[in-house]
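Novice: I'll drop the sequence and a predicted model, then ask my questions.
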Amino acid sequence: MLIAVILLAISQLPLIYCYVEKPGANGSPQRIVSLSPNLTEIIFALGLGDKVVGVSNNCDWPIEATQKPKMGTFWQPNTEAIIAAKPDLVVCESFLQHKEVAETLKRAGLRVISLRIESIEELYNAITQIGQAASCKDKAEPLAAKIKSELDQIRAKASSAKKVKVLWAVQTEPMRVVGVKTFVNEIIDLAGGQNVIAPTGDQYPSIGTETILTSGAEIIIQSAMGTEDIAKQQETAEKFWNRFANLPAVKDKKVYVIEADTVLRLGPRLPGGAMAVAKLLHPELFSQPKNLNQETKRTND
Amino acid sequence: MTDLLTPRRLISKIALCLAALVVVMFVCSLVGTQKISLSAVFAGPGNTPGQNTDYDIFVRVRIPRIILAALVGAALAASGVALQAILRNPLAEPYILGISSGAALGVMTAALAGISGAILGGSPMAAMAFLFAIGTVWLVWFTGHLAGGSTVTSLLLAGVVINAFFSAVIMLMTSLIDSEQLRSTIMWLMGSIGEKDFSTLLVSAVFIIAGIAALFTISQKLNVLAFGAGEAQSLGVNPRKITLVAFALASFITAVAVGLSGLVGFVGLVVPHSVRLVFGPDHRQLLPTSALLGAAFVVICDTIARTIISPAQLPVGVITAIIGGPVFLLLLSRYSKKVGTLR
């Protein structure tokens, strides 16, 4: 086996050398693979949807994306399927699993862009970089600018109001909440809220009952999980939070389950998510819904 | 009990297992999410990337992955054999003496410190996993020996305690590290056979094969050691020395394997026992045949893991346990009467 390995390694060297040049680096890509749901949304928003030849199993928006060939999961992309799709541009994130796949794809001569996208600022960057790579800067810049201006509008409108204390649960048992080093915290902030959680090392820290009880949360937001009906989740959430009867949010019946995709996904639908949050925090300011395709169920109004 | 082991029998059994491994590797290289044709593969890569995707998939995805799976399987199985021999404990496996928690701690440290770039030719995670794994087993070895008394018992105790302690440190770190990184490290630790570049595979192959070969040279002494330290001493084998050598080699190849693929469970426990049940307990044949069949086993499991829910993939550890468990129980019920004892 050792000999086989050595032979293979040697036979490999000239080939690696052959593939140094990257075709398509100057032309505009015609076959794009995206490995992450939010990147897929960006690519479709840039009007590149018909050039997409592969997405991750988790890419579920827009609906057209679900019809595209699947390239494995977000956490474990399938290198083989990606190469077979003959892409001339692969867009992925920069964390460990994507990095390993990206390295293999690059060795196979494919053009890969790896994007770190964990804050709203990085979202704008990602849009610009995809625009550059796909030669559609003319669409990328307006898209980034549009998201930015929509978010700025919400921020401006909410800035006059008193900050509402928000507790945002991503999971109830065990309790995990949105910490301050997250983009969700940025959304809470711009929608006129204030996260009740003090800075933590963990992005989504696990917290104890005592912290919840003394948080003084005026609103509790819980992002929906799974595919279960939101109204049902709302019912379960209200039951769960009733045990903290002294919390202002529970007293005032301000416990809301919110659609997760727009608020927990750093993509072009983020302004919609931010608007939904703003409406929960300051219904008096945002009662007239703008033309945003965000739907939030508020069964206990 | 099995018949006397002659060199001829030994060589024929090793050749048989080697042939099995080669066949398994070849067949598994033809299986995947995509259908590819061998003639297209032999046509070569073509001049531009993407021209011959069959070649790219075969040479750059499947072959490296299959070689990696084989290396990891061989290392874990051989290490399991050695540790079961020196610890004289059927429950011993490559991770029992703290390697798993040491590697995990290394990976977490790499993530927490934000180390990037390549260390020792591997990713920082792989390098840190390797270094911490080695560091941990030496810590176990020295504490075990400071404790004195029966070497084996204190080694096991030190291993268990250090495992528990490091697990606690890891829990502490997980509440400090930010989540995206944490999740990716945890996924990595769960065992991930991926594609590595050939230079990484080559270096690891040299280390692992050399380690297994070195273990093979002391396999006769491992046989003697299996009778117990006292008996070994009276037969002219220094139990402490041989334990140290076997321990060092076993932990070294395990650490290389962990650096390559995270913690692929179950192989180091179930392969040596299965081979022992079928072929008998003589370490001269148990060690090489376990290594070869362990390699074949992980190659098969990884092939299933990457194809069964395609295009998605399963962690290979899920398959090693789901296949390994029942197969082992079957062998146990069928052969244990014949062999008489587990060891």
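Specialist: Arrived safely, thanks for sending.

Novice: check contacts around the nearest residue to A:Arg107 once chain neighbours are set aside.
Specialist: Nearest residue to A:Arg107, sequence neighbours excluded (CB to CB, 6 or more residues apart in numbering or on different chains): B:Arg60, at 5.7 Å. The C-beta positions use only the backbone N, C-alpha and C, and glycine is treated the same way. Contacts for B:Arg60 (CB atoms under 8 Å, 6 or more residues apart in numbering or on different chains) come out as A:83, A:104, A:107-108, B:195.

Novice: spatially central residue in the chain, please.
Specialist: Let's take chain A. Chain A has A:Arg265 as the residue nearest its centroid, 2.1 Å off, counting by CA atoms, centre = their mean.

Novice: sorry, should have said chain B
Specialist: By CA atoms, centre = their mean, chain B has its centre lying nearest to B:Leu76, at 1.9 Å.

Novice: just checking, it touches B:Phe297?
Specialist: No: assessed by CB atoms under 8 Å, B:Leu76 is found out of contact with B:Phe297, at 9.5 Å.

Novice: identify the contacts common to the two.
Specialist: Applying CB under 8 Å, 6+ apart, one finds that B:Leu76 and B:Phe297 are jointly contacted by B:267, B:271.

Novice: closest to B:Thr53 among the contacts of B:Arg60?
Specialist: Proximity of these to B:Thr53 (CB to CB) peaks at A:Ile83, which lies at 5.4 Å.

Novice: same for the strand or helix carrying that closest one, what does it pack against?
Specialist: A:Ile83 belongs to helix A:79-84 when assigned by DSSP states H and E. For helix A:79-84, the elements it packs on are helix A:96-107, judged by 3 or more CB pairs under 8 Å, 6 or more residues apart in numbering or on different chains; DSSP states H and E.

Novice: list of residues touching the helix it packs on?
Specialist: Residues outside helix A:96-107 that contact it (CB under 8 Å, 6+ apart) are A:16, A:19, A:35-36, A:75-77, A:79, A:82-83, A:90, A:92, A:112, A:114, B:60-61, B:64, B:123, B:125, B:181, B:184-185, B:187-188, B:192, B:194-195, B:197.

Novice: pull out the buried residues from it.
Specialist: Buried residues in helix A:96-107, defined by neighbour count with 16 or more other CB atoms under 10 Å in any protein chain shown: A:96-107.

Novice: which residue, neighbours along the chain excluded, lies closest to A:Gly179?
Specialist: Of all residues not flanking A:Gly179 in the chain, A:Thr200 sits nearest, at 4.7 Å (CB to CB, 6+ apart).

Novice: ok, B:Gly294 next?
Specialist: B:Ala77 (2.5 Å).

Novice: check which helix or strand that neighbour maps to.
Specialist: Per DSSP H and E: B:Ala77 is located in helix B:63-87.

Novice: now do the contacts for residue 134.
Specialist: Unless you meant another one, I'm taking chain A. Counting by CB under 8 Å, 6+ apart, A:Ala134 touches A:28-29, A:32, A:43, A:46, A:48, A:51, A:89.

Novice: I was after chain B.
Specialist: By CB under 8 Å, 6+ apart, the residues touching B:Ile134 are B:102, B:251-252, B:255.

Novice: from the stretch 51-200 of chain A, which residue is nearest to chain B?
Specialist: Minimum separation of the stretch 51-200 of chain A from chain B (CB to the nearest CB) falls at A:Gly109, amounting to 2.5 Å.

Novice: which phi and psi values does that residue adopt?
Specialist: Dihedral pair for A:Gly109: phi 80, psi 10, per degrees, to the nearest 10.

Novice: how much space between it and B:Thr48?
Specialist: Plainly put, A:Gly109 is 8 Å away from B:Thr48 if you go by CB to CB, to the nearest Å.

Novice: continuing past the helix holding A:Ile83, what's the next helix or strand?
Specialist: From helix A:79-84 onward toward the C-terminus, using DSSP H and E, the following helix or strand is strand A:89-93.

Novice: quick one: that following strand near chain B?
Specialist: No: Strand A:89-93 lies apart from chain B when judged by CB under 8 Å from any CB of the partner chain; the minimum separation is 8.9 Å.

Novice: what's that strand packed up against?
Specialist: strand A:32-34, helix A:37-45, helix A:96-107, strand A:112-115, helix A:120-133.

Novice: A:Gln222 belongs to a helix, doesn't it?
Specialist: No: with DSSP: H, G, I helix; E, B strand; the rest coil as the criterion, A:Gln222 is located in strand rather than a helix.

Novice: and the next helix or strand past the helix holding B:Ala77?
Specialist: Taking DSSP H and E, what comes next after helix B:63-87 is helix B:99-113.

Novice: for the helix or strand just after that next one, buried residues please.
Specialist: Moving toward the C-terminus from helix B:99-113, the next helix or strand (DSSP H and E) is helix B:124-147. For helix B:124-147, the neighbour count (16+ other CB under 10 Å) marks B:124-134, B:136-137, B:139-141, B:143-144 as buried.

Novice: same deal with stretch A:248-256?
Specialist: Neighbour-count burial for stretch A:248-256, with 16+ other CB under 10 Å as criterion, is recorded at A:249-250, A:254-256.

Novice: show residues contacting that stretch.
Specialist: The contact list for stretch A:248-256 (CB under 8 Å, 6+ apart) reads A:165, A:167, A:216-222, A:234, A:237-238, A:241-242, A:244-245, A:280, A:296, A:298, A:300.

Novice: of these, grab the buried ones for ChimeraX.
Specialist: Of those, the buried ones go into a single ChimeraX selection, burial set by 16+ other CB under 10 Å:
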select /A:165,167,217,218,219,220,221,222,234,237,238,241,244,280,296
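
Novice: narrow the contacts of stretch A:248-256 to those in strands?
Specialist: Counted as lying in strands by DSSP state E, out of the contacts of stretch A:248-256, are A:165, A:167, A:219-222.

Novice: and the residues you listed near chain B, which?
Specialist: Subset of these in contact with chain B: empty, counting by CB under 8 Å from any CB.

Novice: I'd like those residues as CSV, with distance to B:Gly324 and pLDDT appended.
Specialist: Putting the ones in strands among the contacts of stretch A:248-256 into CSV (distance: CB to CB, whole Å; pLDDT from 0 to 100) gives the following:
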residue, distance to B:Gly324, pLDDT
A:Lys165, 52, 92
A:Leu167, 45, 93
A:Ile219, 50, 92
A:Ile220, 46, 93
A:Ile221, 45, 93
A:Gln222, 41, 90
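
Novice: per-residue confidence for residue 23?
Specialist: I went with chain A, as the question did not name one. You'll see A:Pro23 listed with a pLDDT of 46.

Novice: sorry, I should have been clearer: chain B.
Specialist: B:Val23 is given a pLDDT of 96.

Novice: which residues of the stretch 201-301 of chain A lie near chain B?
Specialist: Counting by CB under 8 Å from any CB, the residues of the stretch 201-301 of chain A that sit close to chain B are A:201-206.

Novice: just put those in CSV and tack on neighbour count.
Specialist: Shown next, in CSV, are those (neighbours: other CB atoms under 10 Å in any protein chain shown):
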residue, neighbour count
A:Gly201, 15
A:Asp202, 18
A:Gln203, 22
A:Tyr204, 21
A:Pro205, 20
A:Ser206, 14
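
Novice: hmm, which of these is lowest in pLDDT?
Specialist: A:Gly201 (75).

Novice: now the stretch 151-300 of chain A, which segments are flagged as low pLDDT?
Specialist: By pLDDT under 70, the weakly predicted segments of the stretch 151-300 of chain A are A:288-300.

Novice: after the lowest-mean-pLDDT helix or strand in chain B, which helix or strand is next? Please name it.
Specialist: When the helices and strands of chain B are scored by mean pLDDT, DSSP states H and E, helix B:179-189 comes last with a mean of 70. Sequence order places helix B:198-217 as the next helix or strand after helix B:179-189, per DSSP H and E.

Novice: what packs against the following helix or strand past that following helix?
Specialist: Counting by DSSP H and E, the next helix or strand C-terminal to helix B:198-217 is helix B:219-225. Other helices and strands packing on helix B:219-225, by 3+ CB pairs under 8 Å, 6+ apart, are helix B:63-87, helix B:229-234, helix B:239-261, helix B:283-307.
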